[in-house]
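# Model the following, please.
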Amino acid sequence: MIHKHSATLHGHRTSFSLEDEFWCELKAIAKERGMSLASLITEVDDERGGLGNLSSSLRLYVLRYLKGTDPVIGNDMANEPLPSAKARA
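Here you go, the predicted structure:
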């Protein structure tokens, strides 16, 4: 099921829609990385550089993270496994 979520990014309110599964994974990733969920969402928003929409960027981030590739959009090391992904496998 898709739910709408709100966040404040750099002092501005924004909303995005995510399936429950992506939302749960985002929370787990933030915890694993030792950061707040708001900080993780802000990081993803900053990395996308205004390209695409935030909902899609968050989904791609989760997918890349779980696949063990660098989740940063546009990073040319995208095929290099992350240490945390090796631990999950």
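# the helices in this structure, which residues?
Ranges of helices in the chain, per DSSP state H, are 20-32, 37-48, 54-67, 83-88.
# Any idea which of these gets closest to T8?
The minimum distance between T8 and the helices of the chain falls on helix 37-48, with 7.2 Å, by Cβ to Cβ. Every C-beta, even on glycine, is put in place using the N, C-alpha and C of the backbone.
# which of the residues in the closest one are buried?
Of all the residues in helix 37-48, those buried under the rule 16 or more other Cβ atoms under 10 Å are L37, L40, I41, T42, E43, V44, D45, R48.
# Which secondary structure elements does it sit against?
For helix 37-48, the packing partners by 3 or more Cβ pairs under 8 Å, 6 or more residues apart in numbering; DSSP states H and E come out as strand 2-9, helix 20-32, helix 54-67.
# export the ones you listed to JSON lines and tack on mean pLDDT and mean neighbour count?
Formatted as JSON lines, the helices and strands packed on helix 37-48 follow (pLDDT from 0 to 100; neighbours: other Cβ atoms under 10 Å):
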{"stretch": "strand 2-9", "mean pLDDT": "92", "mean neighbour count": "12"}
{"stretch": "helix 20-32", "mean pLDDT": "96", "mean neighbour count": "15"}
{"stretch": "helix 54-67", "mean pLDDT": "94", "mean neighbour count": "18"}
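# Extract the C-alpha set from stretch 4-23 and format it as PDB.
Listed in PDB are the C-alpha atoms of stretch 4-23, where the atom choice follows Å, rounded to 0.1, in the frame of the first residue of the first chain:
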ATOM      1  CA  LYS A   4       2.000   9.900   1.600                       C
ATOM      2  CA  HIS A   5       4.800  11.100   3.900                       C
ATOM      3  CA  SER A   6       6.000  14.600   4.800                       C
ATOM      4  CA  ALA A   7       9.400  15.800   5.600                       C
ATOM      5  CA  THR A   8      11.200  19.100   6.200                       C
ATOM      6  CA  LEU A   9      14.200  19.500   3.900                       C
ATOM      7  CA  HIS A  10      16.400  22.500   4.400                       C
ATOM      8  CA  GLY A  11      13.500  24.300   6.100                       C
ATOM      9  CA  HIS A  12      10.900  23.500   3.400                       C
ATOM     10  CA  ARG A  13       8.100  21.100   3.800                       C
ATOM     11  CA  THR A  14       7.700  18.500   1.100                       C
ATOM     12  CA  SER A  15       5.700  15.300   0.600                       C
ATOM     13  CA  PHE A  16       6.400  12.100  -1.200                       C
ATOM     14  CA  SER A  17       4.600   8.800  -1.600                       C
ATOM     15  CA  LEU A  18       6.200   5.400  -0.900                       C
ATOM     16  CA  GLU A  19       5.000   1.900  -0.500                       C
ATOM     17  CA  ASP A  20       5.100   0.500   3.000                       C
ATOM     18  CA  GLU A  21       8.000  -1.900   2.100                       C
ATOM     19  CA  PHE A  22      10.200   1.000   0.900                       C
ATOM     20  CA  TRP A  23       9.300   3.100   4.000                       C
END
